[in-house]
Structures are given as structure tokens and as C-alpha cells.
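Asks: Sharing a model prediction with you, sequence too.
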Amino acid sequence: MNSEHFRITFVIQAMDCPDELRIIEGKLRLIPGVLDMRANFIEHTLTVIHDGSLEPPAVRKAIEQTGFAAVPGDEAAARERADERAAARWWPRNGRILGMVLSGALLLIAAMMHFILPGIGGTVLLGVLGAKWTVTDAVLLLATLTGGLKLFRSGIRSALKPSADMNLLMTIAVIGAVGVHELFEGASVVFLFALAQWLETRSIDRARDSIRRLLDLSPREAVVIRNGREERVPVETVAAGETLVIKPGEKIPLDGAVVDGTSEVDESPVTGESMPMGKQPGDTVFAGSLNQHGSLTITAAREWKDTTLAKVIHMVEDAQSRRAPTQQFVDRFARYYTPSVLIIAGLIAVVPVLLGLPFGVWFYKALVLLVIACPCALVISTPVTIICALARAAHDGVLIKGGSHLENIGKLDTIIFDKTGTLTQGRPEVVDVLSLNGTEPREVLRVAAAVESRSEHHLARAVLRRAAKDGVQPPAIANFAALPGRGARAEVDGSIYYAGSLRLFREICVDVSSVEPILLKHESEGKAVVLVGTPDRLLGAVVLADVIRPNAVDALHKLRMLGIDDFVMLTGDNEGTAKAIAAQLGMDHYHAGLLPEDKVHEVNETLDERKRAAMVGDGVNDAPALAASTVGIAMGTAGTDAALETADVALMADDLEKLPFAVSLGRRAVAIIRQNITVSLAIKLAFIVLAVAGAATLWSAVVADMGASLLVIFNGMRMLGFREKHRGSLPPHAEPNPELLT
């Protein structure tokens, strides 16, 4: 079953706290056919995954039975409709703010009447419940009602479920304060609670808007050539295969291939690659990239909803609803914490009275405990940090598919690398040109490039790349002949030359005994050797190998500084090649001659020794090993659908430097989550002690509780501005593992 076919998403704007979210989840879990739910209270969205038997109206009705208004539809459309609906009505937009302002104004008036105009403020209106109610009391009561309407409505709704959420606790506390004639305390609690709620909402909105700005990178319109004319149309209407024109300074609206023009394109919004990439006909471009200089004509490869950027945005949004292990633990803790504090508050209110102690004093302490029982700061401490970290990672070209993977990558102690295409370039390059019999190396390369110029072999292409790099122009040739399995022959400058294997030169009776030991040594290290010569003598040899990535050593050193203490390399190459590469990179361990199933075995063996190990590969060929690891990390996945789907973490650019960034980001996120949880629990415990000791007031408890919520929000939002930092300096070369050199 494809779960994409059976999802219903709602925007529920009135959800202000995870406690309220749990009320809705509790109701929906009672409905037959509901399989799972993915809730994102920061985005105010709830996605219900079901078996296909449910319709949106039925689910919406169940949500509304909990007292919340729900707008159905996909996340983007539902959010827009909810915003339009809220904008169309004045009261939902401004009612809470107006109530808060009126409550604060009335609270100020009451204070002035009490201290400046005591004669008027102290006038007794009536006696009720054994207390004299003055004009000041009436103003305070009005302040409580105007500022607490939404609070009281939500509290009553929670009581009817029943569910002990924040609103119910605050409602009981305020009613209790009024009941014991602590009217100034009650009004202060209402005003401070409303102010803190507004500030909290504004802070979360800021985080959400920052995320949207980071991810909303694709242009809304595209210039398409239709009927021989350029037309500017909405990007959603462009079909795959249509021709688009991108002018200098414009963003590319769709993934595609360049058919005309040359330019430099900034692909950092997609891949995180900081340097612009040169583009010419035949090259691939991605939606969201910025065309810098020349004009480009491209053919759209896919529709807007299927672009690489759209997939990344969807995956980041989906990742926000996947709870991390810490978040799951905190949610479970909060479920027990709130009822426990409620029971303690009840005991504090009742037991001392039974022992003959004064009711008012201990009842007030119980009310303070009710306020402290609100777990908002604790519950919100993890998701805000995770969401901001996921957005930051996506901005830098690292796609992390959920909070659990973010936490895991922040706790890694081992990284396993597939060699080919990950630590190395994945294609042969010329690493040396050997001269023999007095021939200049440049001449050896010139002849080799000439003979190989018409060959389709991958080694031939490497020779031609090196010649072009060194400025060597191969001469024209004649009478070219490919010699399958051995090499090639051609006429260069009127003479016959050969380029090929040791076997080829033995066949044409050239004496190779003097160079055979050198060739065998290179071949034992996994290098390929192309001999160059005439039917009479050897001119030299071109040595080729799959070379290490230029930034591999620096990336591995940064990972070591981040605390990764074990590197393992897996490869299907022979022992000699594996040992040489591992020594150059400073690997701790390597395993050679592996089949795909052997790599899975090695990953499992490593996991048996280490708690957390990541596997880094290409995301397709290494899929089984990626799946077996704690975190599967795929490199160079921009434009590769299979790799995007396979890995837990996708490095959009083909760049190992993104790996230390991802690990550093994960470590910082884990540290901030721990800070937030520690601060939240410390404040709660401190005020529980102060409440029992009688040193805490209702309004100070509200300030502490909501202050803690704002503190963890702002602390988590630091992830949006995360910058990778490393201690120490980078080495000019890797420090080889001495064991690999023996």
C-alpha cells in the first residue's frame, strides 16, 4: 500500500501547545482505520495516515468535536486557506491581542486606584463569599475576564474531554485565586499568560518564517517558448519537455538540460556548493539555482512538483513531523509529569487542612503548583531545535530526513566509507608519466594522447584529459586500429606507435624485462599502466589510478576533530589498492575484495563493536549497507531520485566537506536539546520547591514558566544561524595508520 494515497492533512490554527495537540490525537486514535498521525504543532498541521476507508469530512468532524477548527487539504493549500479565513475575520486576528491589551490596561488602572486613589478604589460595593468586594476588586475581575476569555474556553473544553492540558491548569489556578480573594494575583496571571502566549506565538512564527525563507527558493513564473514566442507563465503550468529561457540574474524555475548558451550558475540553494558551476549545452541544471551571467535555453526535465528542490522541500517538511527519540521521551515524560503534579497539588490543598493547618495558605501553594505543572517549555524544547536544524541543513545542501537521524548523526563515533566514488573520484586519472630510453615525459604523453584519441576506452579518456590539462596538443593520426583487450595502434608523424598493455608489447616482441618489475609494482597497488612505444622500443608509460578526492584528507581531519575516532573503508578492489588508499587517507581499518553482501556484513560487524556507525556511499549501489547502518549517508544526490529516497542523510553536492558540516550540525543540535531540557526541568523543580516553601507567587510562576518556553525557543532558533567551527588547523596531509604500512 502506498501511504501517499491515504493521507489527509489539516491545518489547525488554534493549536498553541503540544498538550492541545495530544487532545486531538487521542480522539483520532479511537477512529477505526487510522493507522498513524504526523503532527507538526509549529506548522499547526496534522497529517492523518489511514487505510483508505476514511474521508476528510469524517476526520474533520472528529477534530472539531475536540473544540478545534480544522481546514483540510494538502499542507500548502490548507495553510493558505486557513490564512485567508483568519484574515477575513477581524476577531480571530485581533481578539487575543485586544483582550491582552484591555486586561493590562485594567490591571494598571486597578494598581493606580489602590495606590494613588485608595479612597475610590477601596469603596466597598458588596460582600460575597465572606469577603468585601471593592471598586478595585471589580476592575481586577473585569481585567481577568477580558484577558482570559480564550483561556477559559480552552480550559472548559479540556475539562470536558477530560484532559489536563495547560489551559485547564491555568483556568483552575485563576478561578482558585478569585475564590480565595487573590484578585490581583488572578488578573496578573491572566495578563502575563496572554502576553507570554503572544510572545511565544510570535517567536514560533519567526522560526517558521525563517524556515520558509530558506526553502522558498523556486521562482513562481517561467519564460517558455510556445508557438515561436516567449511567454511568461506560472511555473506550475510548464510541462516536461518544454523549452525555457533563463536570462542573466534569473532563477532557474525547473530541472532541465542546457540546449543553448553558456553561463555560470549558483547551485548553492540546492547543493550547498558555494562556487558557481560553469554550464554549457548538455549540462544539467536544477530548479532554484541562480543564472549569473549568460543567457541559457534549457529543456525542462520534469514538472515543478517533481523537481529536486520540490522533493527536498517536501522531505524537510515531512521530516518535521517525525519525532526524534528525545522528543518521544519528553512527550512520554510530560504525559506522566502533568498528572503527577496535579495529584501533588491536590494533596497539598487537602492534606494540610485535614491536619488543622490554614486552608488559604496551602490552597494558594497548590494553585502555584498547578501553574508550574504546565509542561510547554519541556515539550517544545526539542522540536523547535530540530526543525531549525533541518532547515539550516537543507540550506547548505544537506537533506536530513527526520529528527532521529539528526540526533544519530550528532552522536556518531564511527564512519564507514565506500571507497570508489566516495573517498576517490570514481574514475581513473593519470597520476604519473614515466620516460624510458631518453624520451621526454611530455613526448610520451603527446604520443599516448595521439594513439588514444580515437579510442572509446575509459583509460583513453583519462589520457586525453591529462594532455589537455598539461597543454599537450596530440597530432593528427592515420591508420588507427583498436586492439581489443590489449590497446591501440596508430600512425603518428609517419611512424607506427602502440599504446597498451604489457601483453601487447610482448606480442610485438619488444623487450620489456627492464620495466616489468616497476609495472608489476604499480599494478599491485591497483594502478593501470599504459605502455607507449614503437615496434622497436619503449618510449615510456602512463600510470593511471582512481585518485583520492582533493578535499578528502581535510574532511576526514575535520571529522576527527569533531570526535569521530574510527574510520573504516570498504572496497571491492584488491588488497594492494585498498591498503595504499587507506594509508594515504589515514584510515583506521579497511576491508578489500568485498561484494555488496560482504559490505552489509562488515557494517553489522562494526555496529556490534560500536553503538553508532554511519555508512557513506553513493545511495544506489550501496543501498543495503546504507540501510544496515545507524545513519545511511548518500553523496552527490542532486537530481538522483533513487539516492534521495534511499539514504537517511543526502549530501546534495558531490562534496565530502558537507560531511563534517552535517556531523557538526548534529552535535550542536544534540547539545542545544540537552540544554533546553535541562533548563526546563531545572526551572520546574526550582519552582516546585519554592511553591511548597511558600516563596513563589502565581504571577512569578507564570513568568518563570513562559519565560522558560521563550528561552528554549530562542535557544533552538540559534540553529538557523549555525556556522561550522573546528578546533586546530588542518594538516597538509593525512597521518597514516602505522599498522596499514606494515
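Replies: Here it is on my side, so go on.
Asks: Buried residues, the helix or strand hosting residue 703. List them.
Replies: Remark: residue 703 resides in helix 698-717, with elements defined by DSSP states H and E. For helix 698-717, the buried set under the neighbour-count rule, 16 or more other C-beta atoms under 10 Å, comprises 698-713, 715-717. (Each C-beta comes from the backbone N, C-alpha and C, glycine too.)
Asks: so who does residue 184 touch?
Replies: 110, 111, 140 (C-beta atoms under 8 Å, 6 or more residues apart in numbering).
Asks: these two touch, right, the last one and residue 190?
Replies: No - counting by C-beta atoms under 8 Å, residue 140 sits too far from residue 190 to count as a contact (9.8 Å).
Asks: May I have stretch 672-689 exported as CSV, CA atoms only?
Replies: In CSV, the C-alpha atoms belonging to stretch 672-689 read as follows (Å, rounded to 0.1, in the frame of the first residue of the first chain):
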residue,chain,number,x,y,z
ILE,A,672,21.1,22.5,22.4
ILE,A,673,18.3,19.9,23.0
ARG,A,674,20.1,18.8,26.2
GLN,A,675,20.5,22.5,27.3
ASN,A,676,16.8,23.1,26.7
ILE,A,677,15.6,20.0,28.6
THR,A,678,18.0,20.8,31.5
VAL,A,679,16.8,24.4,31.8
SER,A,680,13.2,23.4,31.5
LEU,A,681,13.4,20.8,34.2
ALA,A,682,15.6,22.9,36.5
ILE,A,683,13.1,25.8,36.4
LYS,A,684,10.2,23.4,37.1
LEU,A,685,12.0,21.7,40.0
ALA,A,686,13.1,25.0,41.5
PHE,A,687,9.6,26.4,41.5
ILE,A,688,8.1,23.3,42.9
VAL,A,689,10.4,23.7,45.9
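Asks: What are the contacting residues of that stretch?
Replies: 326, 330, 341, 368-369, 372, 377-378, 381-382, 385-386, 407, 696, 701, 704-705, 707-708, 711-712, 715-716, 718-719.
Asks: any idea how far residue 557 lies from residue 583?
Replies: Residue 557 sits at a distance of 15 Å from residue 583 (criterion: C-beta to C-beta, to the nearest Å).
Asks: on that earlier part again, ok, so of the contacts of residue 184, who is nearest residue 446?
Replies: residue 111 (93.3 Å; C-beta to C-beta).
Asks: Count the neighbours of the closest one for me.
Replies: Using other C-beta atoms under 10 Å, residue 111 has 17 neighbouring residues.
Asks: Provide a list of residues in contact with residue 189.
Replies: 170, 173, 174, 177, 371, 698, 699, 702.
Asks: The first one falls within a strand, correct?
Replies: No - Residue 170 is assigned helix when assessed by DSSP: H, G, I helix; E, B strand; the rest coil, not a strand.
Asks: Kindly give the local confidence score, pLDDT, for it.
Replies: Predicted confidence (pLDDT) for residue 170: 80.
Asks: got it, and the fourth one?
Replies: For residue 177, the pLDDT comes out at 82.
Asks: In contact with the closest residue to it other than its chain neighbours, which residues are there?
Replies: Closest residue to residue 177 apart from its sequence neighbours, by C-beta to C-beta, 6 or more residues apart in numbering: residue 186 at 3.5 Å. Residue 186 sits next to 140, 144, 174, 177, 178, 698 when contact means C-beta under 8 Å, 6+ apart.
Asks: again, only this time at 10 Å
Replies: 140-141, 143-144, 148, 173-180, 367, 698-699 (C-beta atoms under 10 Å, 6 or more residues apart in numbering).
Asks: same check, this time on residue 568
Replies: Here residue 568 is in contact with 414-417, 582, 587-591, 602-603, 605-606, 610, 613, 615 (C-beta under 10 Å, 6+ apart).
Asks: And the buried ones among these, selectable in ChimeraX?
Replies: Buried residues among those (16+ other C-beta under 10 Å), as a ChimeraX selection:
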select :414,415,416,417,582,587,589,590,591,602,603,606,610,613,615
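Asks: Could you export the contacts of residue 184 as CSV, including pLDDT?
Replies: Compiled in CSV, the contacts of residue 184 are given as follows (pLDDT from 0 to 100):
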residue, pLDDT
110, 83
111, 80
140, 87
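Asks: Tell me the one among these nearest to residue 655.
Replies: residue 111 (61.2 Å).
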